[in-house]
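Q: Fold the following, please.
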Amino acid sequence: MLNEVERWLSTHSWSVTDRPLHRVLAAKRSSGQSVSVVLPALNEEETVGEIVSAIRHDLVHQVPLVDEIVVVDSGSTDRTSEVAAAAGATVVHRDAILPRIPAVPGKGEVLWRSLLVTRGDIVCFVDADLKEFSSDFVSGIVGPLLTDPGVDLVKAMYDRPLGGAAGQGGRVTELMARPLLNMHWPQLAGFVQPLGGEYAARRSLLERLPFPVGYGVELGMLVDALHLVGLDALAQVDVGVRKHRHQDGQALGRMSAAIYRTAQLRLARGHMIRPALTQFERGAQGFEPRTHSVDTEERPPMTEIEEYVERKAA
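A: Below is the predicted model:
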């Protein structure tokens, strides 16, 4: 590990208990900054309501830390939107945001569009499939942005149990993302959960970043933020344990391919060949190939979108 990263771990890697909530709230009041929480959601009716309710109870009503909670529905076919709205979130459908540019499937697409329907100076992203959710996930990663003006992006770090085994979650992280970061962007080797879906950032940073439309968004954002603002503007906070729905092996393969392609584009901006991933499933005639396209499209920084610029000016 680089000496720079060892130093960073001692100065920019914190616990949620390092910043008591009263201190974070005092910093928010003195700075006048606003906080938006965004939940990208696709068929998450079983968990989204509990997450929204916890944030509203703890960080809106008991302590006025969060100014708005927005759920961006990415085309759910279940009751995700209804459950989220009943819990108190503002619900917006992905396709209703920036209709001039037709939406494509993908998590990064939803996060990118969320900048147009939120107003917070700080934007906090939380996955909508978390179980046994704690509002520490929000206050923990928002805290450094309110108390430390030099910090621009904060990732959550946590244990990720898998099937009752501690620390066995995050398979794509260990098999794909961590090797890529250590080999090509060693300054980012200190991030415990580089692909985690819980992170917060200043709008002033997010609006200058391109967004990979798919699962590569977290890796792409870390790499691009490193180049744009430097390692000392990035941080991570330990928020405990993260429990969520786990993907099957083939879904993880598709995620890995998208993440690899995101890294590849950043290593050498060149030929935009749209790659594909072939996987195999046993069928009546033996193993049958299934080919999936891999996300390569990226959305430009929001400051290049006319509607966003006009809305911000207004």
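Q: Which parts of the chain are helices?
A: Applying DSSP state H to the chain gives helices spanning 3-12, 21-31, 48-56, 80-86, 107-114, 136-147, 171-172, 178-184, 203-206, 217-229, 249-267, 306-313.
Q: next one: the last one to chain centre, how far?
A: Averaged C-alpha coordinates place helix 306-313 at 23 Å from its chain's average position (Cα atoms, centre = their mean, to the nearest Å).
Q: returning to that earlier point: got the helices of the chain as JSON lines, with mean pLDDT columns?
A: Shown next, in JSON lines, are the helices of the chain (pLDDT from 0 to 100):
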{"stretch": "helix 3-12", "mean pLDDT": "92"}
{"stretch": "helix 21-31", "mean pLDDT": "97"}
{"stretch": "helix 48-56", "mean pLDDT": "98"}
{"stretch": "helix 80-86", "mean pLDDT": "98"}
{"stretch": "helix 107-114", "mean pLDDT": "97"}
{"stretch": "helix 136-147", "mean pLDDT": "98"}
{"stretch": "helix 171-172", "mean pLDDT": "84"}
{"stretch": "helix 178-184", "mean pLDDT": "86"}
{"stretch": "helix 203-206", "mean pLDDT": "98"}
{"stretch": "helix 217-229", "mean pLDDT": "95"}
{"stretch": "helix 249-267", "mean pLDDT": "88"}
{"stretch": "helix 306-313", "mean pLDDT": "96"}
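Q: Just tell me which of those ends up closest to residue 297.
A: helix 107-114 (8.6 Å; Cβ to Cβ). C-betas here are computed from N, CA, C, even on glycine.
Q: Any chance of the helices of the chain in JSON lines with distance to residue 196 and mean neighbour count as columns?
A: Below are the helices of the chain laid out as JSON lines (distance: least, Cβ to Cβ, whole Å; neighbours: other Cβ atoms under 10 Å):
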{"stretch": "helix 3-12", "distance to residue 196": "16", "mean neighbour count": "14"}
{"stretch": "helix 21-31", "distance to residue 196": "20", "mean neighbour count": "15"}
{"stretch": "helix 48-56", "distance to residue 196": "15", "mean neighbour count": "23"}
{"stretch": "helix 80-86", "distance to residue 196": "21", "mean neighbour count": "20"}
{"stretch": "helix 107-114", "distance to residue 196": "12", "mean neighbour count": "25"}
{"stretch": "helix 136-147", "distance to residue 196": "10", "mean neighbour count": "26"}
{"stretch": "helix 171-172", "distance to residue 196": "11", "mean neighbour count": "18"}
{"stretch": "helix 178-184", "distance to residue 196": "12", "mean neighbour count": "16"}
{"stretch": "helix 203-206", "distance to residue 196": "16", "mean neighbour count": "19"}
{"stretch": "helix 217-229", "distance to residue 196": "7", "mean neighbour count": "21"}
{"stretch": "helix 249-267", "distance to residue 196": "13", "mean neighbour count": "19"}
{"stretch": "helix 306-313", "distance to residue 196": "26", "mean neighbour count": "12"}
